[in-house]
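Mind folding the following:
(chains A and B)
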Amino acid sequence: MSTLLLDPTGELSPAQRLPLAKPASLAGLTVGLLDISKARGDVFLDRLETLFQSRGVKTLRFKKPTFTKPAPLPLIQEIAGKVDVVVEALAD
Amino acid sequence: MSAPEALPDGLVAVVKKDCPTCVLVDPVLVALERAGVALTVYVQDDPAFSQVHKVVDDTALAWSFQLGVETVPTLIRRVNGEETGRAVGWEKSEWQALSGMPALGNDLPDYRPGCGSRSVEPGIAEQLAVRHGVVKMAARRIEVPPLEDPEELCFDRGWSDGLPVVPPTETRVYRMLQGTSRAPDEVLGLMPPNLVPCTVEKVAINAVMAGCKPEYMPVVLAAVEAALDPAFCLHGLLATTWFSGPMIIVNGPVRQRIGMNWRGNVLGQGNRANATIGRTLQLLVRNVGGGRPQEADMSTFGTPVKFGFCFAEDEATPWTTLSESRGFAREQSCVTLFSADGPMGCVDQKSREPAGLIRSLAGSLRAVAHVDLANASDAVVVIGPEHGRVFDIAGWTKEQTTRALHEALVFEGQDLGMGTDKNAVPVSGGKGRVAKFREGGLVLVRAGGDAGLFSAIIPGWLMKGSLGTDPVSREVRP
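The predicted model follows:
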């Protein structure tokens, strides 16, 4: 049985946690492209990188060792320290 | 959720195997069943122990709870849905009267006391109360997925001040609500900055998270009421770029009842009541009000005391207490809220006369906010026991000491570069002279450990009086 907690807040926001607000523009931001090591994810990310760069958006590439496990903490921290936005190629 | 069916008429017995008296009376129950009496036997632990044919498994304790059983065995007679009689434990004559069988249990002793019902065991009683909706709790329920750590969920949802919080389960919040006689849906006021109605229930939830015991609730509720008094100006205080946060000083018998600290390390860590009462108020600001650092809370630096700041006054001194000065009787428990920055030490290990100590304290107080600023913030001065003794031996009252400090903190306006503005208060009778603190702006209290010729100066928010905050007191009510 799962535990139930009583909401301690003013309940002004939805019970479901909302995703972070997306930036209105990528101008001046750095986009991280995260390859999760699934087949042909790199093909998708290569194409995206070309498109981003053609629009003057700076990109950085990252790769998870394996798609079967969460990203290692050092990789998460490296990404968080270097980029503003991440695109993750999830599927093959 | 209540018991699945209505309670039966006839005789109702509640027993458990783990009770020698229940085991003793089981043959009596068998005799009743054999005599054709309408009998229902509820067993709280092991239904197989009874030799009665028709026993009802009440290991979930729903029936026991509904019947309000506190002791087993309990024998109840019910007629047309109403209880008409009850025998607790084994009292032969009572059982005979209830059953209408004069020879019932004649071979047993006249009297054996029962055992505690499982439904009132600590821990179980609260769970049953929650399950059966004894207290209506209105807060939204947040489900913790089975493999998720509840404490991590509290962090992830932003409910924490940065330290771990106790996950507010229904049972814990129910238990916290038992600490007050006030209804969970009573609204104490609007919690800034989002001006959300702050109910007793929301206070209880955040008190659980802060680590309070239920018996702290009356103090917490009084503190929240004081904080929400417009005179305290919590809205501005939580939002200011200045250091301050709310500080709670507790007076009266409740200090001892809940084990508060007014002795060594009084302003520091280590006492549960001091730490968690203050923390609850700040969690309420954060969670109910939505006042968070780098958002509505614009404090440039903050201060460690914004995790929560609460302590009790030492009332075993010749001085009138803070609460007495604020119009309460010594027998009354109350809280007084101030705006407060972190404490600043004042050491004077040489003065053995009040005059010297006044000079030392006044010199230190002059530096509050800025050495050349007059009439900026108020200040609370916590006089330590060894400093206090200097005043006590000389027979100086608190009022006398406060007056002397005020008089020692009057300066020529032209000497105060920043204090000569329109905010500076001219002192009557002196041309161009201004007071460092407004009348009533210096508050002296007594607390601290036995050793150390020190006192603590606790400055407050720069915005005071009608432009900002004033101290607010509230009586602690059950």
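
What strand or helix carries residue 75?
With no chain named, the answer covers chain A. Using DSSP states H and E, residue A:75 sits in helix A:73-82.

Actually, chain B is the one I wanted.
Residue B:75 is part of strand B:74-79, with elements assigned from DSSP H and E.

Next, work out how far apart residue B:433 and chain A are.
Taking Cβ to the nearest Cβ, to the nearest Å as the measure, residue B:433 falls 48 Å from chain A. In this view, the C-beta of every residue, glycine as well, is placed from N, C-alpha and C.

Just give the number of residues close to that residue.
Applying other Cβ atoms under 10 Å in any protein chain shown, we find 18 residues neighbouring residue B:433.

Can you report phi and psi for it?
Main-chain dihedrals, residue B:433, degrees, to the nearest 10: phi -90, psi 140.

Check the contact between it and residue B:411; I expect there is one.
Yes. Here residue B:433 reaches residue B:411: they are 6.8 Å apart, a contact under Cβ atoms under 8 Å.

tell me the contacts of residue B:223?
If you count contacts by Cβ atoms under 8 Å, 6 or more residues apart in numbering or on different chains, residue B:223 has them with B:246, B:248, B:277, B:280-281, B:310, B:335, B:337, B:474.

Which one of the residues you listed is nearest to residue B:327?
Ranked by distance to residue B:327 (Cβ to Cβ), those are led by residue B:474 at 11.7 Å.

Where does that closest one fall, secondary structure wise?
Using DSSP H and E, residue B:474 sits in strand B:472-475.

For that strand, give me every contacting residue.
Residues outside strand B:472-475 that contact it (Cβ under 8 Å, 6+ apart) are B:222-223, B:225-227, B:229, B:231-232, B:323, B:326-328, B:332-337.

which among those residues end up buried?
For the contacts of strand B:472-475, a neighbour count by 16 or more other Cβ atoms under 10 Å in any protein chain shown gives the buried set as B:222-223, B:225-227, B:232, B:323, B:328, B:332-337.

ok, now which ones touch residue 24?
Assuming you mean chain A. Contacts of residue A:24 by Cβ under 8 Å, 6+ apart: none found.

Can you look at chain B instead?
By Cβ under 8 Å, 6+ apart, the contact list for residue B:24 reads B:90, B:108, B:112.

Following the strand holding residue B:75 in sequence, what is the next regular element?
Next element after strand B:74-79 (DSSP H and E): strand B:82-88.

Surely residue B:101 touches residue B:34?
No. Counting by Cβ under 8 Å, residue B:101 does not reach residue B:34; the two are 11.0 Å apart.

Please flag which of the contacts of strand B:472-475 sit within strands.
B:334-337 (DSSP state E).

still on that earlier bit, quick one: which of the buried ones among the contacts of strand B:472-475 is nearest to chain A?
Nearest to chain A out of the buried ones among the contacts of strand B:472-475 is residue B:227 (Cβ to the nearest Cβ; 15.4 Å).

OK, contacts around the closest one?
By Cβ under 8 Å, 6+ apart, the contact set of residue B:227 is B:234, B:246, B:281, B:337, B:472.

Show me which residues of chain A sit near chain B.
Residues of chain A found near chain B (Cβ under 8 Å from any Cβ of the partner chain) are A:1-12, A:15, A:17.

Narrow the residues you listed to those that are buried.
Buried members of the residues of chain A next to chain B, scored by 16+ other Cβ under 10 Å, are A:3-10.

Please name the nearest non-neighbouring residue to whatever residue of chain A ends up closest to chain B.
As assessed by Cβ to the nearest Cβ, chain B sits closest to residue A:10 within chain A, at 3.4 Å. Using Cβ to Cβ, 6 or more residues apart in numbering or on different chains and skipping residues adjacent in sequence, the residue nearest residue A:10 is residue B:196, 3.4 Å away.

Parallel or antiparallel, which strands does the worst-scoring helix or strand of chain A on mean pLDDT pair with?
None of the helices or strands of chain A scores lower by mean pLDDT, DSSP states H and E than strand A:85-89, at a mean of 90. Applying DSSP bridges, strand A:85-89 is found paired with strand A:30-35 (parallel).

From the rest of the structure, what touches the partner strand?
A:41-42, A:45, A:48-49, A:52, A:57-64, A:71, A:79, A:82-89.

List the buried residues for it?
For strand A:30-35, the neighbour count (16+ other Cβ under 10 Å) marks A:31-35 as buried.

Now do the strands in chain A.
Secondary structure of chain A (DSSP E): strands at A:3-6, A:30-35, A:58-63, A:85-89.

tell me the secondary structure for residue B:18?
Following DSSP: H, G, I helix; E, B strand; the rest coil, residue B:18 is assigned to coil.

Give me the angle between the lengthiest helix in chain A and strand A:85-89.
If you go by DSSP state H, chain A has its longest helix at helix A:41-54. Per axes from the mean of the first three to the mean of the last three Cα atoms, to 10 degrees, the angle that helix A:41-54 makes with strand A:85-89 is 150 degrees.

just to revisit the earlier point, among the contacts of strand A:30-35, name the buried ones.
Buried members of the contacts of strand A:30-35, counted by 16+ other Cβ under 10 Å: A:41-42, A:45, A:49, A:52, A:57, A:59, A:62, A:64, A:71, A:79, A:83, A:87, A:89.

Closest one of the residues you listed to residue B:156?
Using Cβ to Cβ, residue A:71 comes nearest to residue B:156 of these, at 17.5 Å.

what helices or strands is the helix or strand hosting residue B:363 leaning on?
Element membership of residue B:363, judged by DSSP H and E, is helix B:354-366. Judged by 3 or more Cβ pairs under 8 Å, 6 or more residues apart in numbering or on different chains; DSSP states H and E, the packing partners of helix B:354-366 are strand B:344-347, strand B:379-383, helix B:385-393, helix B:398-408, strand B:454-459.

I'd like those written out as TSV, with mean neighbour count, mean pLDDT and distance to chain A added.
Formatted as TSV, the helices and strands packed on helix B:354-366 follow (neighbours: other Cβ atoms under 10 Å in any protein chain shown; pLDDT from 0 to 100; distance: least, Cβ to the nearest Cβ, whole Å):
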stretch	mean neighbour count	mean pLDDT	distance to chain A
strand B:344-347	16	97	33
strand B:379-383	25	98	30
helix B:385-393	20	98	39
helix B:398-408	17	97	39
strand B:454-459	22	98	29
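
which residues does residue 57 contact?
Assuming you mean chain A. A:26-27, A:29-31.

should've been chain B
By Cβ under 8 Å, 6+ apart, residue B:57 lies in contact with B:43, B:47.

Pairing partners for it in the sheet, please.
On the basis of DSSP bridges, residue B:57 is bridged to residue B:43.
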